[in-house]
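1. Sequence first, then the predicted structure, then my questions.
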Amino acid sequence: MDTPNQPIPATRVPFKRLGRDLRQLRELRQATLRQVAEATEISAAYLLKLERGDVQSPSPHVLRRLATYFGVSYLDLMDLAGYPVTDSDSAPQRHGVLASALAAEPLSESEERAMTAFLLTLRSQPGSE
């Protein structure tokens with residue numbers, strides 16, 4: 001149990017992971033904060049705060065715009081932001097924001113080979129999940 005004076009580790013703070021994933025998505029698209037801001041009508045300053053994990057409860061409307069822009073699951077972003085998401089068996093299987101982004105655009109043959117080699121190496125490491 002955490003004591004009041006101890007910081008909560010970032011891995012247990014959902015909005016920190018949301019920020020990390022949003023930054024990865026932006027970098028994957030090779031987009032600047034300004035480009036994302038213009039396309040989503042969200043200020044670059046607010047996007048930077050999201051990426052840093054400084055926003056604890058981003059608006060569902062903001063998350064919807066970002067999901068649309070990045071081509072990822074709105075439910076995944078809601079989940080990462082700490083909002084309750086349906087847990088029923090009928091809900092679609094979610095594989096994560098980065099996986100959704102990678103699946104949204106086709107990979108070239110050389111990218112597929114590189115990703116396959118990378119994943120094989122990563123998964124062969126002791127302690128990989």
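-> Received it, and whenever you're ready, just let me know what you need. Residues are numbered from 1 along each chain as shown.
2. Look up phi and psi at the one residue sitting closest to the centre of the chain.
-> The centre of the chain sits closest to Asp21, judged by C-alpha atoms, centre = their mean, with a distance of 2.8 Å. For Asp21, the backbone dihedrals (degrees, to the nearest 10) come out as phi -70, psi -40.
3. which stretches of the chain form helices?
-> Per DSSP state H, the chain carries helices over the ranges 14-28, 33-40, 44-52, 60-70, 74-80, 97-104, 109-124.
4. where among these is the average confidence lowest?
-> Note on these: lowest mean pLDDT is at helix 97-104, with a mean of 71.
5. which strands and helices sit next to that one?
-> helix 14-28, helix 60-70, helix 74-80 (3 or more C-beta pairs under 8 Å, 6 or more residues apart in numbering; DSSP states H and E). C-beta coordinates here come from the backbone N, C-alpha and C atoms, glycine included.
6. List the buried residues in the last one.
-> For helix 74-80, burial by neighbour count (16 or more other C-beta atoms under 10 Å) applies to 75-80.
7. elements contacting it?
-> Judged by 3+ C-beta pairs under 8 Å, 6+ apart, helix 74-80 is in contact with helix 14-28, helix 60-70, helix 97-104.
8. Out of those helices, which is closest to Glu38?
-> The closest of the helices and strands packed on helix 74-80 to Glu38 is helix 60-70. By C-beta to C-beta, the value is 10.3 Å.
9. The closest one vs helix 14-28, what angle?
-> Between helix 60-70 and helix 14-28, the angle formed by their directions is 30 degrees, by axes from the mean of the first three to the mean of the last three C-alpha atoms, to 10 degrees.
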